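1. heads up, no residue letters with this:
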Ligand SMILES: [Mg+2]
Ligand SMILES: [Mg+2]
């Protein structure tokens, strides 16, 4: 369930009751040392909160998502929802503490704002999750949901990473806890609507003000002992500035797992594609070779994030232009930037640069236009050679450059014609 | 005290007693999901353990460092020490548990292996640190050291990130701890040699086998209540695969803070350098303009990680060759790859590509040779233009490309001549 995998979901889970999500996203991001709160920091042009929303939205068994944000971010959040075409999301203003914000979200789900008539839409189970934990997987959400339905409450736990110690008032070691007996309480947590509603109805002003742990309220006010389920490391919370880099790297990894080489049906191009595929064996990216995007292959337009268009002896960019047109028509790059690499093989003896066959200006113009649609276009040029060793070195170099371009997705380098 | 800052240290701390370090580095890296143990994973061509060693080695008040590694990694570690010219380091084989490994390190410091004669060299204070926490700062090491000398033991703590909960045997919530009363115990920790030596001398086989917390042994066997000091977030431990990306990003940040533009004394080049400096204002990298690396400016050869060589109307690469020669002679890129960007401004009307003035093959060859010395050479070409808007766009583009190249340090793109 990470970034690029949204189109490769396993079989649908069967959840025959309504499930909704509350995402408190009111944090101010103090710990990152950044101006922008973490949930609104962008990765490859999209704010973190949109990744988290998308993680839930793509699950057919999730009915609706309430994002709770600080009042000053209501407009920003509404813009994000429109821009990335989220469809299951409502935005509600947060309260002065974490518990007040979650309570606002729960009330919104219950249709309290719209009066009694909406009460029938109440979800059976409410999942509460942090906006800054974008990589939670469907499998784990399903487990939490089913356990919540059965037990009234369920929460993710993780082993403690460090020894936990008690300190004296003077700042000295008092004692250390036996690590095996304790766990870190993480998100997501799940509750039946009734349990979370009653817990907040019954809790005190002091709970609202100083508490943070919903599981604790469920225990104290509803007598519900939450089922605890160990979650994977991917549940981790984007907290510090370094976590932004880690999150970006996870997204980039997910987007660079595979690429699709399009040959245009030319036998010569297919030979080069085969050589590239062989060279890619040593690298991390898996390559699929196809003649075009017609018929069954049209599905690549809906699932692939990287396209390599091979052309031999043809310096015109019309083939690339057609591919860009297809991608734009499919609105392919709405959620992630798509990489298109034009690999141009020249078979004539003279260098295609000095021969003036390739027009770098044309490539740059095309790339500038494509960038407006979130498509990153680069060019790589290589020379046919009859010296085997030289040829293999060139092919490997094309793959190394391709790999770097796909992995980095650098907007600053679009339109460049690189030499292999 | 991060990656690239080793040359910008503040005034020396006054530590008038001998301090040594034990770095247990025997971990198998299970949690990263990688083949290579984390401490041996490379960042920009250098293993993590070398960064951690360097963090201590550059402090004049640290006498010696003992790295404790699994027997099968002794050779690898010895190679790393030679390759990166670490001078204060000894390698000793680890034991079967963390405590046994640390104890081996402490014994090596006491000169036990060399007999009684070496006892006079025993450090007053021993710092114990994790090999996978490379970003610890001098300031904090100093605090731990002084507190250890005074109290016998001192350790780093951090606030708890998650609520800690106790679970029932059946996997349900029992109760949650009051977060404010507890802390996470982190590294570094410091001990007087006598305290850590006695703690290990007196502790049981069961402690050696199942314990992990040195502070606990000091308390139990020496009656020493450790002083606890809150550390900065940079103390964090590289644990999961995502942490490798975070660490790399911290190192890359540190290396891309500034760059040095060399004009060669040409007034025309100085004008371009000034324009680049202005354009860089919007970006993160600070630019210093100098005519050459002579006299006082030779100091840049010892502290700068990024060089931009500007040439106007001169397509020959001899100026860049001279710079590369200086950098190689200074062994500048021993610890981090150095970036050299050749910015070539062509003032003639015709494109310098089609005019054949720049030899891309020459640049590629030079770059391939420089790469063997850990120097990454790239080229950027721009055209003089009398249209102000077009000119400013070109200059900004040079800076965007420069910024991306400096930040990414991609080996796959060396030797490319990019167009601005
Ligand atoms: Mg909670
Ligand atoms: Mg310890």
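-> That came through, no problem. Not measured: the values here are computed from a predicted model. Ligands and ions are numbered 1, 2, ... in the order given.
2. what does the helix or strand containing residue A:243 rub up against?
-> In the assignment (DSSP states H and E), residue A:243 maps to helix A:241-255. Outside helix A:241-255, the residues that touch it by CB atoms under 8 Å, 6 or more residues apart in numbering or on different chains are A:2-5, A:32-34, A:38, A:41, A:43-44, A:48, A:51, A:134-135, A:236-238, A:305-306, A:336, A:406-409, B:233, B:236, B:242-243, B:245-250. The C-beta positions use only the backbone N, C-alpha and C, and glycine is treated the same way.
3. Tell me the buried residues within those residues.
-> Neighbour counting with 16 or more other CB atoms under 10 Å in any protein chain shown marks A:2-4, A:32, A:38, A:41, A:43-44, A:48, A:51, A:134-135, A:236-238, A:305-306, A:336, A:406-409, B:233, B:236, B:242-243, B:245-250 as buried within the contacts of helix A:241-255.
4. In strands only, show me those.
-> The strands, defined by DSSP state E, take in A:43, A:306 from the buried ones among the contacts of helix A:241-255.
5. Now the stretch 251-400 of chain A against chain B: closest residue?
-> In the stretch 251-400 of chain A, the residue that lies nearest chain B is residue A:400 (4.3 Å; CB to the nearest CB).
6. Tell me the strands beside the longest strand along chain A, with direction?
-> As assigned by DSSP E, the longest strand anywhere in chain A is strand A:182-192. Each strand paired with strand A:182-192, and its direction, by DSSP bridges: strand A:125-128 (antiparallel), strand A:153-158 (antiparallel), strand B:163-167 (antiparallel).
7. So what's the gap between it and the chain middle?
-> The chain centre lies 22 Å from the centre of strand A:182-192; the measure is CA atoms, centre = their mean, to the nearest Å.
8. now swap in stretch A:248-267 and tell me
-> 17 Å.
9. thinking again about what came up before, what is the burial count for the residue of the stretch 251-400 of chain A closest to chain B?
-> 19 (other CB atoms under 10 Å in any protein chain shown).
10. helix/strand/coil for it?
-> The assignment at residue A:400 comes out as helix when based on DSSP: H, G, I helix; E, B strand; the rest coil.
11. Touching, it and residue B:412? I think so.
-> Yes - under the criterion of CB atoms under 8 Å, residue A:400 makes contact with residue B:412 at 4.3 Å.
12. Poorly predicted segments of the stretch 101-250 of chain A, please.
-> Low-confidence segments of the stretch 101-250 of chain A (pLDDT under 70): A:112-120.
13. 80 instead, please
-> For the stretch 101-250 of chain A, residues meeting the criterion pLDDT under 80 lie at A:111-121.
14. For it, which segments are assigned as helices?
-> Shown for the stretch 101-250 of chain A, the helices assigned by DSSP state H, counting those that start in this stretch span residues A:138-151, A:193-202, A:205-210, A:214-222, A:241-255.
15. so what's the residue in the stretch 101-250 of chain A positioned nearest to ligand 2 bridging to?
-> Using CB to the ion, the single residue of the stretch 101-250 of chain A nearest to ligand 2 is residue A:163, 7.8 Å away. Listed by DSSP bridges, the beta-bridge partners for residue A:163 are residue B:185.
16. so who does it touch?
-> A:176, A:177, A:179, B:184, B:185, B:212, B:213.
17. now those: which count as buried?
-> A:176, A:177, B:184, B:185, B:212, B:213.
18. quick one: which two of these are the most distant?
-> Farthest pair in the buried ones among the contacts of residue A:163 (CB to CB) is B:184 and B:212. Separation: 13.2 Å.
19. just the buried ones among the contacts of residue A:163 that are near ligand 2?
-> Contacts with ligand 2 are made by residue B:213 out of the buried ones among the contacts of residue A:163, judged by CB under 5 Å from the ion.
20. In a markdown table, list the buried ones among the contacts of residue A:163 along with distance to residue A:369.
-> Shown next, in a markdown table, are the buried ones among the contacts of residue A:163 (distance: CB to CB, whole Å):
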| residue | distance to residue A:369 |
| --- | --- |
| A:176 | 61 |
| A:177 | 60 |
| B:184 | 51 |
| B:185 | 56 |
| B:212 | 58 |
| B:213 | 60 |
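21. ok and the longest strand of chain A relative to helix A:138-151, angle-wise?
-> Interaxial angle, strand A:182-192 versus helix A:138-151 (axes from the mean of the first three to the mean of the last three CA atoms, to 10 degrees): 70 degrees.
22. got the angle between strand A:182-192 and helix A:214-222?
-> Using the same axes, to 10 degrees, strand A:182-192 lies at 60 degrees relative to helix A:214-222.
23. Check whether strand A:182-192 comes near ligand 1.
-> No - shown here: strand A:182-192 not in contact with ligand 1 (CB under 5 Å from the ion), separated by at least 6.2 Å.
24. Measure how buried residue A:94 is and give me the count.
-> Residues near residue A:94, counting by other CB under 10 Å: 23.
25. Backbone dihedrals for residue A:98, both of them.
-> phi -60, psi -50 (degrees, to the nearest 10).
26. ok, how many other residues are close to the residue of the stretch 201-350 of chain A found nearest ligand 1?
-> Relative to ligand 1, the nearest point of the stretch 201-350 of chain A is residue A:214 (3.7 Å; CB to the ion). The tally of other residues near residue A:214 (other CB under 10 Å) stands at 28.
27. Please tell me how far it sits from residue A:344.
-> Note on residue A:214: its distance to residue A:344, by CB to CB, to the nearest Å, is 58 Å.
28. and what of residue A:76?
-> 42 Å.
29. Between these two, which has more neighbouring residues?
-> A side-by-side neighbour count of residue A:76 and residue A:344, using other CB under 10 Å, places residue A:344 first with 23 against 17.
30. A helix includes the more buried one, no?
-> No - counting by three-state DSSP, residue A:344 is not found in a helix; it is strand.
31. pretty sure it is touching residue A:315, no?
-> Yes - counting by CB under 8 Å, residue A:315 is a contact partner of residue A:344 at 6.8 Å.
32. Give me the phi and psi angles of residue A:45.
-> Taking degrees, to the nearest 10 as the convention, residue A:45 sits at phi 90, psi 0.
33. who's in contact with it?
-> Per CB under 8 Å, 6+ apart, neighbours of residue A:45: A:337, A:374.
34. what about it, distance to ligand 1?
-> The gap separating residue A:45 from ligand 1 is 31 Å, by CB to the ion, to the nearest Å.
35. State the pLDDT value of that residue.
-> Looking at residue A:45, its pLDDT reads 95.
36. I'd guessed residue A:273 sits against residue A:309; true?
-> No - using CB under 8 Å as the test, residue A:273 is too far from residue A:309 to be in contact (10.2 Å).
37. neighbours around residue A:384, how many?
-> Neighbours around residue A:384, by other CB under 10 Å: 16.
38. same thing with residue A:216?
-> Neighbours of residue A:216 using other CB under 10 Å come to 20.
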